[in-house]
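> Any chance you can model this:
(one chain, ligands or ions: 1)
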Amino acid sequence: MTEVRAPDEATVGGTDGLMDKIVNLCKRRGFIFPSAEIYGGFRSTYDYGPLGVNLLRNVKNNWWRTMTQLRDDVVGLDAAILSPPAVWEASGHLANFTDPMVDCRNCHERWRADKIDGVCPNCGSGDLTEPRAFNLMFKTHAGPIEDEGAVAYLRPETAQGTFINFANVLTTTRKKPPFGIAQVGKSFRNEITPQNFVFRTREFEQMELEYFVPPDEASTWFAYWLDERLRWYSDLGIAPEKLRLRHHAPDELSHYSAGTADVEFLFPWGWDELEGIANRTDYDLKAHAAASGERLEYFDQATGERYVPHVIEPAAGATRAMMAFMLAAYDEDEVGGEARTVLRLHWRLAPYQVAVLPLSKKETLEPLARRVLGLLQPHFVCDYDTTQSIGRRYRRQDEVGTPWCVTVDFDSLTDEAVTVRDRDSTLQERVPIDGLIAELRRRTGDV
Ligand code: ATP
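Model (predicted):
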């Protein structure tokens, strides 16, 4: 099959080359590597390196914390990735989860019809085939026999795993609408045009909440979740002017939706989707109830009332959000007449929150530096770096977004104090070791 090219791959850098800088930083510092690189790579798949795995995990953990820990109306779930055709038959994905695909008759490139203007972005020819529906689900076989009875699909979203567990969660938790079920995990879509680094890949991670509400409260909760979700991104450091909500026009809505709005971020190539918030009505629960014969509804014992809840779904991409957080945090400035690159990441997202740096490699500093490290490790994610000059080490930490560096010097041996350097202001302050945790906590603003 012809490999499909993204229309805007050539212009992915945007006007200031920010994308190129991020892609380069990701590779150079171990955030994201192209997958299977030693075998020439495998298009649209990426591996998350030592710093990337921390950042991505922090994105997911902060979503989980906001959605479940800080609320009493949302519980978690982790459903299977492999699922039988019946699930996708009932949900409508087998029939509807498609993108329109066209081929250029001149150069034989393949494109997503809704992303190009009737002209092949590769050769400029207008001689394109009629659009054909291309189903985005990855199909595989479970077990040793590859026949129709063994067909399984990799989930293209986590939501259906939530709907098919609705009754299980309801009976085990005794929740009452309005309540939600949160899920974080991998999803797979055979995208025709993967593009823009990890913005659109065939394997990605989602963070989805299905929030079940009484039908007459759906529009109120839809508005509530738009505000909540927008605020989550700005609370974690994205400037409000780089975020906006875009309501879908009626002809844009998915087959299940009574209203959808996207949280958009100003990417280097323009405004694009970070997260979709949809009013899915009772479509999914009714569809699975009809197909499975199970009752998927809420019964209020106090009032004797029985109804199928409506669902408000904020569906975000974790890998896409991670990239947006990096783009938003990237900055270049000058310190002491020297250019530096700095990722101004929120401390909750930073791959390392604190770096412990002995001023010199001399062995006399090592025991104390290691003691300070051991003191901090249970409370903060720490790096320990003894290589190169202290100035170089500060720059390396700035570039990966470490908010605080703690330097152990020769005075520390006698005054039992260390120097705390702030990433953004570069200001340094002497802090007694026995007050270090309290001081760092104070700086997080999370005391
Ligand atoms: P699009 O129309 O851009 O293909 P979508 O609107 O179908 O995407 P949703 O089904 O709403 O996307 O998925 C919810 C979120 O999951 C998206 O907002 C995005 O953050 C993330 N996501 C979806 N597809 C991908 C992908 N191929 N790669 C990375 N993240 C994705």
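
> can we go C-alpha only for contacts and neighbour counts from here?
Noted.

> Identify the residue spatially nearest to Met322, adjacent ones excluded.
Leu56 (5.9 Å; C-alpha to C-alpha, 6 or more residues apart in numbering).

> wait, I meant Asp73
Closest to Asp73 by C-alpha to C-alpha, 6+ apart is Phe179, at 4.8 Å.

> so what's the one you found bridging to?
Bridge pairing for Phe179 (DSSP bridges) gives the partners Phe212.

> list the contacts for it?
The neighbours of Phe179, taking C-alpha atoms under 8 Å, 6 or more residues apart in numbering as the test, are 73-74, 211-213.

> Columns pLDDT and distance to Val372 on top of those, output as TSV?
Shown next, in TSV, are these (pLDDT from 0 to 100; distance: C-alpha to C-alpha, whole Å):
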residue	pLDDT	distance to Val372
Asp73	98	40
Val74	98	38
Tyr211	98	44
Phe212	98	47
Val213	98	50
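
> picking that back up, tell me the predicted confidence for the residue nearest to Met322.
According to the prediction, Leu56 has pLDDT 98.

> So which residue is smack in the middle of the protein?
Ala318 (1.2 Å; C-alpha atoms, centre = their mean).

> close enough to count as contact, it and Asn62?
No. Judged on C-alpha atoms under 8 Å, Ala318 makes no contact with Asn62 at a distance of 10.6 Å.

> got the buried residues for the helix or strand hosting Val431?
Secondary structure from DSSP states H and E places Val431 in strand 428-432. The neighbour-count check on strand 428-432 (16 or more other C-alpha atoms under 10 Å) flags 428, 431 as buried.

> For the residue nearest to Ala142 when sequence neighbours are not counted, what are phi and psi?
Once flanking residues are discounted, Ala142 sits nearest to Ala150: 5.3 Å by C-alpha to C-alpha, 6+ apart. In terms of degrees, to the nearest 10, the main-chain angles of Ala150 are phi -100, psi 10.

> Glu363 too?
Dihedral angles (degrees, to the nearest 10) for Glu363: phi -60, psi -20.

> repeat for the one 4 residues further on
Dihedral angles of Pro367 (phi, psi; degrees, to the nearest 10) stand at phi -60, psi -40.

> Quantify the burial of it by counting its neighbouring residues.
As a burial measure, Pro367 scores 12 neighbours (other C-alpha atoms under 10 Å).

> if we can go back for a sec, need the pLDDT of the residue nearest to Asp73.
If you check Phe179, the pLDDT there is 98.

> nearest spatial neighbour of the residue of the stretch 101-250 of the chain found nearest the ligand, skipping sequence neighbours?
Nearest to the ligand, among the residues of the stretch 101-250 of the chain, is Arg200, at 3.4 Å (C-alpha to the nearest ligand atom). Nearest residue to Arg200 in three dimensions, chain neighbours excluded: Pro194, at 5.0 Å (C-alpha to C-alpha, 6+ apart).

> Please apply the same query to Leu266.
Closest to Leu266 by C-alpha to C-alpha, 6+ apart is Lys242, at 5.0 Å.

> any idea how far the residue nearest to the centre of the chain is from Ile238?
15 Å (C-alpha to C-alpha, to the nearest Å).

> what's downstream of the helix or strand where Ala287 lies, the next helix or strand?
Per DSSP H and E, Ala287 falls inside helix 283-292. For helix 283-292, the following helix or strand on the C-terminal side (DSSP H and E) is strand 298-300.

> Return the list of strands paired to that following strand, each annotated with direction.
By DSSP bridges, strand 298-300 pairs with strand 305-307 (antiparallel).

> returning to what we had before: show me what the residue of the stretch 101-250 of the chain closest to the ligand is bridged to.
Gln195.

> Can you list the residue ranges for strands in the stretch 51-200 of the chain?
For the stretch 51-200 of the chain, applying DSSP state E, counting those that start in this stretch gives strands covering 74-76, 82-83, 98-103, 110-112, 132-135, 138-141, 151-154, 179-188.

> May I see those organised as a markdown table, with distance to the ligand added?
Output for these, formatted as a markdown table (distance: least, C-alpha to the nearest ligand atom, whole Å):
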| stretch | distance to the ligand |
| --- | --- |
| strand 74-76 | 18 |
| strand 82-83 | 18 |
| strand 98-103 | 8 |
| strand 110-112 | 10 |
| strand 132-135 | 12 |
| strand 138-141 | 12 |
| strand 151-154 | 13 |
| strand 179-188 | 7 |
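
> Could you list the contact residues of the protein toward the ligand?
Contact residues (C-alpha under 6 Å from any ligand atom) of the chain with the ligand: 189, 199-202, 204, 206, 273-276, 315-317, 320.
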